[in-house]
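[1] give me a 3D structure for the following:
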Amino acid sequence: MMTTAHAAIINTSAYLVAQAPKENPVGPDFGKASPFGLLLLVMLAVVILSLGFAFHRRYSRFRRRSLFAEKHGIDPFDQEALDKAMAEAGVLDRRKKRWI
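    Next comes the predicted model:
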């Protein structure tokens, strides 16, 4: 015995299958993208990956400093005291801070 909802689903699927396929756009230039589009996609991917890397590096540095400050009872926003304590402990990150 079929329920009303089950019958409605079957009727809807039969309607969708029975429809004629839509015509695709046809022409000599259909489906041909310019090399500029590919260049744009590659550049966008490079920018997104470099931003992700930069944010990860920045977050890791922030998290490391925050954990050190919490462990040693230092205010995490007191940069001078935190830098001094990290230098004395030998864990100060001396790498150049860059934008990207």
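[2] quick one: the strands in the chain?
    Using DSSP state E, the chain contains no strands.
[3] packing partners for the longest helix seen in it?
    The helix that spans the most residues within the chain, counting by DSSP state H, is helix 35-72. Counting by 3 or more C-beta pairs under 8 Å, 6 or more residues apart in numbering; DSSP states H and E, the packing neighbours recorded for helix 35-72 are helix 79-89. Bear in mind the C-beta positions are built from the backbone N, C-alpha and C, glycine included.
[4] packing partners for the helix it packs on?
    helix 35-72.
[5] now the helix it packs on: buried residues?
    Using 16 or more other C-beta atoms under 10 Å as the test for burial, helix 35-72 gives 65, 68-69.
[6] tell me the one of those nearest Leu51?
    The shortest approach to Leu51 among the buried residues of helix 35-72 belongs to Arg65, at 21.3 Å (C-beta to C-beta).
[7] residues near the closest residue to that closest one other than its chain neighbours, how many?
    When the adjacent residues along the chain are set aside, Arg65 lies closest to Leu82, with 6.2 Å between them (C-beta to C-beta, 6 or more residues apart in numbering). Using other C-beta atoms under 10 Å, Leu82 is surrounded by 19 other residues.
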